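Student: quick check, what structure comes out for this input:
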Amino acid sequence: MNEHSLQRYYASDQYVLPADAEETARLNEQHRFVVQCFGNQLSLAPLDLKSGDRVLESAAGSGGYIHAQNKHKGIILDVEGIDISDKQFPRSHPDNIHFSLHSVADLPFEWSGTFVYAHQRLMVPALSESLWRKAASELFRVLGPGGWFELVEIEMKSFRNLEVGPYWKKLRSLILTLYAKKGLIVDSEAYHPLLLKEAGFVDIRFDSRRLLIRQSRGNPDDYNLEVYCRALKMPNS
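Tutor: Model (predicted):
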């Protein structure tokens, strides 16, 4: 393990981002930014959630999305947040919110058909192609008839066209090399709609948004690529 990795806690060898207090702070800022990027909407799915509906948050992390969704429209949902590490789970939360250790690629059998909505955000750094197929199949299984799955991902392929400062080309090369080494997806726009269709999903909709990347901390409303890149777990060789 290299010196960079020793300074941060990583929950698995596959996932290239850490699970620690510093990453929790980044995720909370990221949640605010992503919601803002989508016009301050938590979801674009045509949802009509009612009190008591069961909602799944995959890769719950610090629970930022869960808490926001729970407060939305004043309804009381039955929310299940899952992750492969509990180090970022909030210490306190309402009784209708539950956090548990599960991989989206291997969900409990008894959850089959019990959720009306599942949400997952920015898991490209965590799942290889084979894991994506398992995850899509599992998410399809746990949703009930008419349920919705909403996936929010970053298009890593577009990084090839970015120019952010004098060292960007080298940094971009390192990121893409890391993703290739881990077998991670870089062409989300083409890959994920087909993946979901093959898993059995229908009425698949796509909406793209552009995010601003800043070179400094001067504007809190722009995504801080520096913080993301510093968190990446680089290969040992």
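
Student: parallel or antiparallel, list what pairs with the lengthiest strand in the chain.
Tutor: Counting by DSSP state E, the longest strand found in the chain is strand 143-152. Sheet partners assigned to strand 143-152 using DSSP bridges are listed as strand 115-121 (parallel).

Student: so for residue 220, what's the pLDDT?
Tutor: At residue 220, the model reports a pLDDT of 53.

Student: on that earlier part again, how far does the longest strand of the chain sit from the chain's center?
Tutor: 15 Å (C-alpha atoms, centre = their mean, to the nearest Å).

Student: and it, what's buried?
Tutor: Across strand 143-152, burial judged by 16 or more other C-beta atoms under 10 Å covers 143, 147, 148, 149, 151, 152. All C-beta atoms are positioned from the backbone trio N, CA, C, and that covers glycine.

Student: same thing with stretch 73-84?
Tutor: By neighbour count with 16+ other C-beta under 10 Å, stretch 73-84 contains the buried residues 77, 78, 79, 80, 81, 82, 83, 84.

Student: what do you get for stretch 59-68?
Tutor: For stretch 59-68, by 16+ other C-beta under 10 Å, it's 59, 60, 61, 62, 63, 64, 65, 66, 67.

Student: thinking again about what came up before, for the helix or strand just after the longest strand of the chain, what is the distance to the chain centroid?
Tutor: Later in the chain than strand 143-152, the nearest helix or strand by DSSP states H and E is helix 168-182. Put simply, helix 168-182 sits 20 Å off its chain's centre (C-alpha atoms, centre = their mean).

Student: let me see the mean pLDDT of the helix or strand following helix 168-182.
Tutor: Sequence-wise, the next helix or strand downstream of helix 168-182 (DSSP H and E) is helix 188-199. Summarised as a single mean, pLDDT over helix 188-199 is 95.

Student: what does helix 188-199 contact?
Tutor: Here helix 188-199 makes contact (C-beta atoms under 8 Å, 6 or more residues apart in numbering) with 124, 132-133, 136-137, 139-140, 149, 151, 153-157, 185, 204, 206, 208.

Student: now the lengthiest helix in the chain: average pLDDT?
Tutor: Looking across the chain with DSSP state H, the single longest helix is helix 21-37. The average pLDDT within helix 21-37 is 79.
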